[in-house]
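Peer 1: sequence first, then the predicted structure, then my questions.
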Amino acid sequence: MNLTLFTAPKPFTNPHINLIQRNAIQSWQHLGENVQVLLVGDETGMAETAAEFGVTHLPQVQRNRDGTPLVSSIFELARQHSPDPLLVYLNADILLTPAFLEAVEQVAMQAERFLIVGQRWDLDVRQPLDFSPGWDARLLADMRQRGRLHPPMGSDYFVYPRACFTAMPKFAIGRAGWDNWMFTHARLQGWPVVDATGTITIIHQDHDYSHLPGGQPHYRLPETTENIRLAGGRRTIFTLLDADYTLQDGKLRRIPLRSRKLWRELETFPIRKLHSYPLAELSFAIFHPLKAFKEWRGRVAYKLRR
């Protein structure tokens, strides 16, 4: 099975960011000859790193007025420069192991259009990884000893057939909101959204936020607010909890509608089935009255300050 991995790395100037991104790229290359790797963007050090590892560099990415690369441009460049039937966007600090390919192939054999996502394991990595034979077993053992499973919110990777996500809003990469839109769009299209956490192990190498404006987490930046607006508003922000399938023993299985899952499906029904934002706001207020009141109070306070 041929597939293309593509990413939009940060500048390679920070020594720790440089280290973890180089670790990630090498882990992808060790997946096998059927995997193509694309580095998208023109950040400092990207061209040199691509040349060193022999991967494709695509520098002609479009940016917003703040200079941040656009997700739509990154995805379109990957589609244009890959003939493969499956595309995988992932963050440039994510480590993969060869087991990733088997799980992806299992899903692809059972669905024509789909989105594979999942939780990540967070791991503090301070040294270049040793990719000698047995590297993946050593990495997984380290993860089991020191790693932490990240809460089920967004996803650091997205696997989809090239016929999916052919048009996207002009989201800013590296800010919150756009990954949530991926969940929402797939659910609205009726594609299986597969939470592969139990089958696919991905490892996120910890880092700080010094590469972002003011060193702030991405979800506090103004571009995140714009991403959420482009996605359709806060009620369209879906998470891993909105996935409707899992991969178990190589088979796609619909997630049972029990307790928390049933509650969430009822809450999002106005968006998923009725495509009504006002009804989605009402549903949110019914299911989360305290959060809804705090949001309303915040909006009123903002208008009064203007």
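Peer 2: Noted; the coordinates are in hand.
Peer 1: so what's the residue count around Ala292?
Peer 2: As a burial measure, Ala292 scores 16 neighbours (other C-beta atoms under 10 Å). The C-beta positions use only the backbone N, C-alpha and C, and glycine is treated the same way.
Peer 1: how is the protein partitioned into domains?
Peer 2: 3-245, 257-305 (automatic domain parsing).
Peer 1: so of the ones you listed, which one's packed in deepest?
Peer 2: Comparing the domains of the chain by mean neighbour count (mean count of other C-beta atoms under 10 Å), domain 3-245 ranks first with a mean of 18.
Peer 1: adding distance to Lys251 and mean pLDDT, write the domains of the chain out as JSON lines.
Peer 2: Shown next, in JSON lines, are the domains of the chain (distance: least, C-beta to C-beta, whole Å; pLDDT from 0 to 100):
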{"stretch": "domain 3-245", "distance to Lys251": "7", "mean pLDDT": "94"}
{"stretch": "domain 257-305", "distance to Lys251": "19", "mean pLDDT": "92"}
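Peer 1: now the strands for the stretch 201-306 of the chain?
Peer 2: Under the criterion DSSP state E, counting those that start in this stretch, strands of the stretch 201-306 of the chain are mapped to 203-205, 245-248, 251-254.
Peer 1: of all those, which one is nearest Arg187?
Peer 2: Closest to Arg187 of those, according to C-beta to C-beta: strand 245-248, at 10.8 Å.
Peer 1: check which helices and strands the closest one sits against.
Peer 2: With contacts taken as 3 or more C-beta pairs under 8 Å, 6 or more residues apart in numbering; DSSP states H and E, strand 245-248 sits against helix 99-108, strand 193-195, strand 251-254.
Peer 1: give me the contacts around the next helix or strand after the first one.
Peer 2: In other words, helix 99-108. Next along the chain after helix 99-108, taking DSSP states H and E as the criterion, comes strand 115-117. For strand 115-117, the external contacting residues (C-beta atoms under 8 Å, 6 or more residues apart in numbering) are 103-104, 107, 155, 157-160, 164, 182-183, 186, 191-196, 200, 240, 243, 247.
Peer 1: what strands flank whichever helix or strand comes after strand 115-117, and is each parallel or antiparallel?
Peer 2: Counting by DSSP H and E, the next helix or strand C-terminal to strand 115-117 is strand 121-123. Here strand 121-123 has these sheet partners by DSSP bridges: strand 148-149 (antiparallel), strand 203-205 (parallel).
Peer 1: ok, residues contacting the first one?
Peer 2: Okay, so that is strand 148-149. Contact partners of strand 148-149, identified using C-beta under 8 Å, 6+ apart, comprise 119-123.
Peer 1: who are the packing partners of the helix or strand following it?
Peer 2: Next helix or strand after strand 148-149 toward the C-terminus (DSSP H and E): strand 157-161. Judged by 3+ C-beta pairs under 8 Å, 6+ apart, strand 157-161 is in contact with strand 86-90, helix 99-108, strand 115-117, helix 178-189.
Peer 1: reformat those as TSV; add distance to Trp296.
Peer 2: Putting these into TSV (distance: least, C-beta to C-beta, whole Å) gives the following:
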stretch	distance to Trp296
strand 86-90	35
helix 99-108	41
strand 115-117	31
helix 178-189	21
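Peer 1: closest to Leu140 out of those?
Peer 2: For the helices and strands packed on strand 157-161, proximity to Leu140 was assessed by C-beta to C-beta; helix 99-108 is nearest, at 8.9 Å.
Peer 1: helices of the chain, residue ranges please.
Peer 2: 15-29, 46-53, 71-80, 99-108, 135-146, 178-189, 222-231, 259-272, 277-287, 289-305 (DSSP state H).
Peer 1: which one of these lies closest to Asn64?
Peer 2: helix 222-231 (7.4 Å).
Peer 1: quick revisit: now the helices of the chain as CSV including distance to Gln36?
Peer 2: Below are the helices of the chain laid out as CSV (distance: least, C-beta to C-beta, whole Å):
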stretch, distance to Gln36
helix 15-29, 9
helix 46-53, 12
helix 71-80, 10
helix 99-108, 13
helix 135-146, 20
helix 178-189, 21
helix 222-231, 28
helix 259-272, 34
helix 277-287, 39
helix 289-305, 43
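Peer 1: which of those sits closest to Leu87?
Peer 2: helix 71-80 (5.8 Å).
Peer 1: okay, the closest one in PDB with CA atoms only?
Peer 2: C-alpha atoms of helix 71-80 as PDB (Å, rounded to 0.1, in the frame of the first residue of the first chain):
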ATOM      1  CA  VAL A  71      -3.800  24.500   6.000                       C
ATOM      2  CA  SER A  72      -5.700  24.500   2.700                       C
ATOM      3  CA  SER A  73      -2.500  25.300   0.800                       C
ATOM      4  CA  ILE A  74      -0.600  22.600   2.600                       C
ATOM      5  CA  PHE A  75      -3.200  20.000   1.800                       C
ATOM      6  CA  GLU A  76      -3.500  21.000  -1.800                       C
ATOM      7  CA  LEU A  77       0.300  21.000  -2.300                       C
ATOM      8  CA  ALA A  78       0.400  17.400  -0.900                       C
ATOM      9  CA  ARG A  79      -2.400  16.300  -3.200                       C
ATOM     10  CA  GLN A  80      -0.700  17.900  -6.300                       C
END
